Each structure stands twice: as C-alpha cells, then as structure tokens.
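> A structural model of the following input is requested.
(chains A and B)
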Amino acid sequence: MANDLGSIVFVVVVVGGLGSLEGALVASLLIGLLTTFTVGLDWTLADIFGLVGLGTWASGLGGLFTLTLSSLSGSLPFLIMLLVLLIRPSGLFGDRA
Amino acid sequence: MTGRRVIVGAVTACILLLPFFLPENGVTIATRMLIAALFALAYNLLWRHGRLLSFGHAVYFGAGMFAAIHLMRAAESGRFTLPLPLIPLVGALAGALVGVLLGFLATTRGGTYFAMITLATGELAYAVGPRWDAVFGGESGISTMRMPWASFDFGSQTQVYGLALVWFLVGAAGLYGFAATPLGRITFALGENETRLRALGYRTHLTKTALFAISATVAGLAGALLAVANENVDYGIFSGVNSAQPVLQTFIGGAATFLGPAVGAVVLTWVGNQVSDMTRLWLLYQGLLFVAVVLFAPDGLTGWRGGSGRSPARLVRQRPRVAPSWASVVSRCWRSLSSSSPRPRSSCWVKITSRAGPAAAATGRTCICSRMTGRRCRR
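Reported below is the predicted structural model:
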C-alpha cells in the first residue's frame, strides 16, 4: 500500500501546492477521481485524428496512437504533475513560486 | 603533485586491465562496474557542475539501451548492419536527443522543482513502457544477440569488457575534458550563483539544457553498453530504483571529486553482488550505508582526501565567505573597466554590470574563469 501511494501522495502535494492544506484536499480528490474515471475511457489519439477524417491512418500507425486512455490512467497523476510544474510551479493553491 | 598523478594513473590502469586475466564471472561483474561507473560519472556532471539534482536519469540510460537493442536486432535480422563497436555511439545519440527534449523542459525550473520534473518524467517513462510494445517490447522486453565484427565475435565476456572499457575511457575523458571548456567553466558558475550569471548576460536556461544534454548523452552511452553486455532489456530499466542508483553511488562515493561517483559505483556494484548471495535484504544494507555516509562522512568515501571544497556540507559552511568575494571580483572588474567612474557601491553591483553592457559581460567571463582556476582577477 505504501509503495502504491508513496509517489501519488507526493504528486498530490505538488499539484495542490507545497504547504497548502486546501490544495492537498482538492488535488487528492481531483487525482483520485481522474484516475478512477479514466479507467472506463478507451479514448485513443487515433480517435482525435478520427475527428478530422484521419482515424484509419492513425490507428494503422499503432504504437502511441492506439494507446488507450484507460491503460494510461496510472500515469496520469505524473502527467498532471509535469504540466503543473511547467505551467504553474506553485501548484493550484500554493503561493510560493 | 605530478608524481601522485602518475601513481594514481598507474594504479587505475592496473585495475582497468586486471579483468582481462579474471575468470568469466569476474569479468561480467567488472563490466557491470564500468557501466555503473560511467552512468554515475554522467549523473554527477549535473550535480558537480550545475547543482542540479536529477531523479530521472534512468530515462536517458534506458533511451540508450533501447536504441542499442533495436539496432542490434536490426543487425541480427540483416536489415541494417552497424558494426557492434559503434552501436554505443547511437545509444549516446538517443540519450542526447531525449536529454535535449526533456532537459529543456526540466531546466525551465530550478532547485526542488527541477528534481520533481525529472522524477515525473521518470515515472511517466516507467508507466508508458509496458504499454507501448513496438518500442519497449512489453512486459517481456526485447532480446537479441551480439553480432561478430572483424576478428571479434564478442562471444566471450572478456571481449565485451574490452569494448566497454574503450567506451568508458572515451566517455570519462569527454566528461573530464568538458570541465575545462568555456562551457564547462560557465556551468560551474551556474551551480554557484545562477542569478549573477544571468546578470552577466548568459542565457542560463540554454546553458543548463546543454549541461543536461551532455549528461544524458553519456548516460545513454552507458545504457547502450549495458544493452550490448546483457543482450536483453525491458521497461523495468525506467523504474525509480534505477534512477536512484546513480544518486546513491554518487553521494556514497563522493560528489565533490570527479572520480568519486565512479568509486561509489564500483564499491556498491561489488558489495551488492557479494551481499545478494548472502541475503535478499541488500537494499536495506545499501540504505544503511547511505545513511552512515551522509551522517559521518558527508564528503563520501573519497572525501578523506580533502576534496576540492565543493561538497554540499563545505559549501554551506563557506557561503558567507564566498558571496562577498564574488561581489568584490565583479566590482574590481568594473573598476578596471572604467577607472574614471566613481567607486561603485558593492550593494548594487548587479545593476552596474548589466548597465555596462557586453564589455563588462566579457570581463565578467574572464573573472568567472579565473575564479574557477583559483587565480586572481586581472586588473
């Protein structure tokens, strides 16, 4: 359990904002709900290409294009942490830059 | 001093040549040691120069490994043949590409945020790895064979050791030589005070990206060597444990010296190999060793020598003394440039140098270099 949660807890604190209690609560709910609900979504990058009529071409490429969102739900927290660190390093509710 | 260098060189040469006379399993361990040492040296480039603490270096190591294994497979099936001794070079190239991309992102932030971004990229690679079969081979990974080249069939571990030794020497010499280049000198200043470097007119983000890319290149080289030695690789290489290895090796061996991380890597690889035969709790003993080193010998195993004064503990002690001398160096430069101007107040030296333009920045460069080499600034 500690092994599974250890890194996620760290992600939650960073996303919420270091030193912010409200941020930790909001971020933990956000990440918890997101990872849970994305398990049921089998969206792929090919689907996005499908919107502009390139669906069959993209799914023919395979690899990253046919990777479903549900299979990536475990790595979503880290993707979110990466984006937060790059765009707003102080986190959602943090005030330190 | 030169006499001591000759002795150190001779001892090192003996140690590096010894495995050619060892039995097969000894050579295998020696190859692992060399690869771990090269990886740790590459890792410490970031820390020793730029004071950047990366927690995701397994990504670049793994990039080199997968690039090498795909090329080896291509050679095995006859689609595209590159001589085996050159394959590590492609691994280094892969490490460099990934390093430039992720390094550019990671170095937009400094300090703790840099460390967290590298951690996030490492975890992302570990999460994507098992799901992208075409590149990472899924759970089972990718296996291949070493193809013969010229009169070498690379069937014995001794020949693999020879190949690893050559590339280790190339990589280590490159890292050692880099410290003497103008860019290498500037990256030391980057670690000491980035704000002042930026005030002198340097594009610190690009400098950091370059430093990161060089570190990733050598990490990729080390990864490719492991792919050649193992003939097998799976996504597990991206795991946090592998990112933590060079960190532990660097700080146990001694981060202040150039060869400290290599010593740490050799010792930990050897002890790990011996202890794992006796107990499954090797990681526990590694952790205890790390705690002991941090508590009782913060300069690492090579720290008894006195070090170069750049260890974290010593830097903290020195800080009050370093800062004023920096300011005095810059203000001295300013005075030498414009002897007719009134004596500047030392508290506003940053504004002064930025107002003075490229001429002052150029003088600032020579000052930084002279500070690094320990000489006094020219008046």
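
> Can you report how many residues neighbour residue 31?
I went with chain A, as the question did not name one. Close neighbours of A:Ile31, defined as other CB atoms under 10 Å in any protein chain shown, add up to 20. (C-beta placed from N, C-alpha, C; glycine too.)

> wrong one, I was asking about chain B
The burial count for B:Thr31: 26, using other CB under 10 Å.

> Kindly report the residues of chain A close to chain B.
Taking CB under 8 Å from any CB of the partner chain as the criterion, the neighbours of chain B within chain A are A:7, A:11, A:14, A:62-64, A:67, A:71-72, A:74-75, A:78-79, A:81-82, A:85-86, A:89.

> For stretch B:169-180, could you pull out the residues that count as buried?
B:Val170, B:Gly171, B:Ala172, B:Gly174, B:Leu175, B:Phe178, B:Ala179 (16 or more other CB atoms under 10 Å in any protein chain shown).

> Stretch A:33-49 now?
Using 16+ other CB under 10 Å as the test for burial, stretch A:33-49 gives A:Thr35, A:Thr38, A:Thr44, A:Leu45, A:Ala46, A:Asp47, A:Phe49.

> ditto for stretch B:216-235
Buried residues in stretch B:216-235 (16+ other CB under 10 Å): B:216-231, B:233-235.

> try stretch B:250-270
Buried-residue list, stretch B:250-270, by 16+ other CB under 10 Å: B:250-269.

> ditto for stretch B:16-36
Residues of stretch B:16-36 classed as buried under the neighbour-count rule (16+ other CB under 10 Å) are B:Pro19, B:Val27, B:Thr28, B:Ile29, B:Ala30, B:Thr31, B:Arg32, B:Met33, B:Leu34, B:Ile35, B:Ala36.

> and what of stretch A:83-97?
A:Val84, A:Leu85, A:Pro89, A:Ser90, A:Gly91, A:Leu92, A:Phe93, A:Gly94.

> now that stretch: how far from the chain's centre is it?
Stretch A:83-97 sits 15 Å away from the centroid of its parent chain (CA atoms, centre = their mean, to the nearest Å).

> Check what contacts it and list those residues.
Here stretch A:83-97 makes contact (CB atoms under 8 Å, 6 or more residues apart in numbering or on different chains) with A:14-20, A:22-23, A:26-27, B:105, B:108-109, B:113, B:116-117, B:120.

> Which other helices and strands does the helix or strand bottoming out on mean pLDDT in chain A contact?
Taking mean pLDDT, DSSP states H and E as the measure, helix A:55-61 is the helix or strand of chain A with the lowest mean score, a mean of 79. Helix A:55-61 sits against helix A:45-50, with contacts defined as 3 or more CB pairs under 8 Å, 6 or more residues apart in numbering or on different chains; DSSP states H and E.

> In contact with B:Leu175: list those residues for me.
Counted by CB under 8 Å, 6+ apart, B:Leu175 has contacts B:Leu41, B:Ala42, B:Leu45, B:Ile214, B:Val218, B:Phe258.

> next one: B:Gln157
Here B:Gln157 is in contact with B:Glu24, B:Val27, B:Thr28, B:Thr31, B:Ala229 (criterion: CB under 8 Å, 6+ apart).

> Might you name the residue of chain A sitting closest to chain B?
A:Ser75 (2.9 Å; CB to the nearest CB).

> Just give the nearest non-adjacent residue to residue 18, would you?
Since you didn't name a chain, this refers to chain A. If the residues on either side of it in the chain are set aside, A:Leu18 comes closest to A:Gly94, at 5.4 Å by CB to CB, 6 or more residues apart in numbering or on different chains.

> wrong one, I was asking about chain B
What sits nearest to B:Leu18 in space, not counting adjacent residues and going by CB to CB, 6+ apart, is B:Ala30, at 7.7 Å.

> Look up how far chain A lies from the one you found.
Counting by CB to the nearest CB, to the nearest Å, the gap from B:Ala30 to chain A is 33 Å.
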